[in-house]
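**Student:** what shape does this take:
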Amino acid sequence: MSTRRVVITGMGAITPVGNNVEEFWKGIKEGKSGIDNITLFNADNFKVKLAGEVKNYNPEDYFEKKQAKRLDRYSQFALIASREAVKDANLDINNIDSTRFGVAISSGIGGLTTIDNQCKILNEKGPDRVSPMFIPMAILNMAAGNVSIEFKAKGESFAITTACASGTHAIGESYRIIKHGYQDLMLAGGTEASINPIGVAGFANMKALSTTQDKQRASIPFDKERNGFVMGEGAGIILLEELEHAKKRGAKIYAEVVGYGTASDAFHITAPAPEGEGGARAMKNAINDANISPDMVDYVNAHGTSTCLNDKYETAAVKSVFGEHAYEFAMSSIKGATGHLLGAAGGVEAICCVKAIKDSFLPPTVGYKVKDEECDLDIVPNKGREKELNYVMSNSLGFGGHNSSIILKAWKEV
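**Tutor:** Presented below is the predicted three-dimensional model:
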């Protein structure tokens, strides 16, 4: 069966190190950290004091007051990033077939801030005081739904939930949908806003979060002293487009999506499979889908959460897939800068990979100090460096044993 080529023509982001793509990428290149004290709620009684919050954010800078009140923070972020992506792509939504334009925007948790707030109202004031907007604000598909409505995208619209792999799954499935002819354009990525009392308490009590109060030593992927991840928030959305459709409207092309692989651990609800076996299969599947050999990959954007097991087993998985070539390329994690954006991580990190390709630049792993013998690959510690990149892989690994990898290729007119 013949397939179609899929390219990236627009990008949008709102992150802890920048509230648009250029600010975000500037922060990554400079090794900036977005980890700081929690301000979204009073964390005095919490063991966890730090998070990667979006800075200087006022919803009314982006939305009418009434609309802002009807959108959970995670939906707001999705709309902001999608608007940037559509504008960046110079896409005239009135001059396309809207039934061939879809949306796949995922989240790990959805409207958790709304859930937290409305449960307090229920307990304190009774059921009649719960907002009639509670359900449409909280449910996990509403970011995709709101984006679909705003941009009149009448094609496939959905939200995939695979915990921290959600954003990459959304991009990968969108790539397949376009590749096999079901749609021409897809807004795809992830969004998350779970830095609230119930979210932080839940992750903290399962011992997943770092409890250090040293901002420079909290999110430290691949460092021997890592002791948990730091929660982040934001959104990363890309516009995927069928190549001929993009060419016909004269769109600029950032990169090509050429491979996508998934696999399940079928092992444990939170711990990765020993030696990262499931993640390794996802990477192999992506390489096979791209029809390339492992030694053609120039850089891996790691999931790299700063947890003991993830970083150890992701390193082992990369070694098993790439063999000696694993010691010849770089594998860094931007979560040292952003924290872990959960379901939004894959979207933001895909944008990072595109920018890395365009600028021939390896993003650094911020905060690294102490070498871990089990994480002995080139993680580009603290300072990025120049390198021409042709094929780049991005990994996302989620609770429940969900693994996804995508491969992007530098765009060259053939």
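**Student:** list the contacts of whichever strand or helix holds Ile198.
**Tutor:** In this structure, Ile198 is located in helix 197-205 according to DSSP states H and E. With CB atoms under 8 Å, 6 or more residues apart in numbering as the test, helix 197-205 has contacts from 38, 41, 43, 46-48, 51, 109, 112-113, 115-116, 119, 209, 211, 231. In short, each C-beta sits where N, CA and C put it, glycine included.
**Student:** again, only using 7 Å
**Tutor:** With CB atoms under 7 Å, 6 or more residues apart in numbering as the test, helix 197-205 has contacts from Phe41, Phe46, Lys47, Val48, Ile109, Leu112, Asp116, Leu209, Met231.
**Student:** which pair of the residues you listed spans the longest distance?
**Tutor:** Lys47 and Ile109 (20.1 Å; CB to CB).
**Student:** which one of these two has more residues nearby?
**Tutor:** Ile109 (22 against 13; other CB atoms under 10 Å).
**Student:** just checking, that one touches Ser194?
**Tutor:** Yes. Assessed by CB atoms under 7 Å, Ile109 is found in contact with Ser194 at 5.0 Å.
**Student:** quick one: buried residues of the helix or strand Ile115 falls within?
**Tutor:** According to DSSP H and E, Ile115 maps onto helix 112-125. Neighbour-count burial for helix 112-125, counted by 16 or more other CB atoms under 10 Å, picks out Leu112, Thr113, Thr114, Ile115, Asp116, Asn117, Gln118.
**Student:** closest one to Ser174 out of the residues you listed, please.
**Tutor:** Nearest to Ser174 among those, with distances taken as CB to CB, is Leu112, at 24.3 Å.
**Student:** which residue is the nearest non-sequential neighbour of that closest one?
**Tutor:** Ser194 (4.6 Å; CB to CB, 6 or more residues apart in numbering).
**Student:** TSV for the buried residues of helix 112-125, including pLDDT?
**Tutor:** As requested, these are exported to TSV (pLDDT from 0 to 100):
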residue	pLDDT
Leu112	97
Thr113	97
Thr114	98
Ile115	97
Asp116	96
Asn117	97
Gln118	97
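**Student:** C-alpha coordinates for stretch 391-411, PDB please?
**Tutor:** The C-alpha coordinates for stretch 391-411 follow below in PDB (Å, rounded to 0.1, in the frame of the first residue of the first chain):
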ATOM      1  CA  TYR A 391      17.800  11.800  12.200                       C
ATOM      2  CA  VAL A 392      16.600  12.500  15.700                       C
ATOM      3  CA  MET A 393      14.600  10.200  18.000                       C
ATOM      4  CA  SER A 394      12.400  11.400  20.900                       C
ATOM      5  CA  ASN A 395      11.300   8.900  23.600                       C
ATOM      6  CA  SER A 396       8.300   9.100  26.000                       C
ATOM      7  CA  LEU A 397       7.700   6.400  28.700                       C
ATOM      8  CA  GLY A 398       4.500   6.400  30.800                       C
ATOM      9  CA  PHE A 399       3.100   4.900  34.000                       C
ATOM     10  CA  GLY A 400       1.200   1.700  33.100                       C
ATOM     11  CA  GLY A 401       4.000   0.600  30.900                       C
ATOM     12  CA  HIS A 402       3.200   2.800  27.800                       C
ATOM     13  CA  ASN A 403       6.200   3.500  25.600                       C
ATOM     14  CA  SER A 404       6.400   5.600  22.500                       C
ATOM     15  CA  SER A 405       9.200   6.900  20.200                       C
ATOM     16  CA  ILE A 406       9.100   9.100  17.100                       C
ATOM     17  CA  ILE A 407      11.900   9.800  14.600                       C
ATOM     18  CA  LEU A 408      12.200  13.200  12.900                       C
ATOM     19  CA  LYS A 409      14.300  13.900   9.800                       C
ATOM     20  CA  ALA A 410      15.900  17.100   8.700                       C
ATOM     21  CA  TRP A 411      13.900  18.500   5.800                       C
END
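**Student:** now it, how far from the centre of its chain.
**Tutor:** Its chain's average C-alpha position is 10 Å from that of stretch 391-411, according to CA atoms, centre = their mean, to the nearest Å.
**Student:** from here on, call the first residue 869.
**Tutor:** Shifting the count to begin at 869 puts that one at stretch 1259-1279.
**Student:** now that stretch: mean pLDDT?
**Tutor:** Mean pLDDT, stretch 1259-1279: 96.
**Student:** picking that back up, so what touches the helix holding Ile983?
**Tutor:** Contacts for helix 980-993 (CB under 7 Å, 6+ apart): 940-941, 997-999, 1002, 1005-1006, 1061-1062, 1064-1067.
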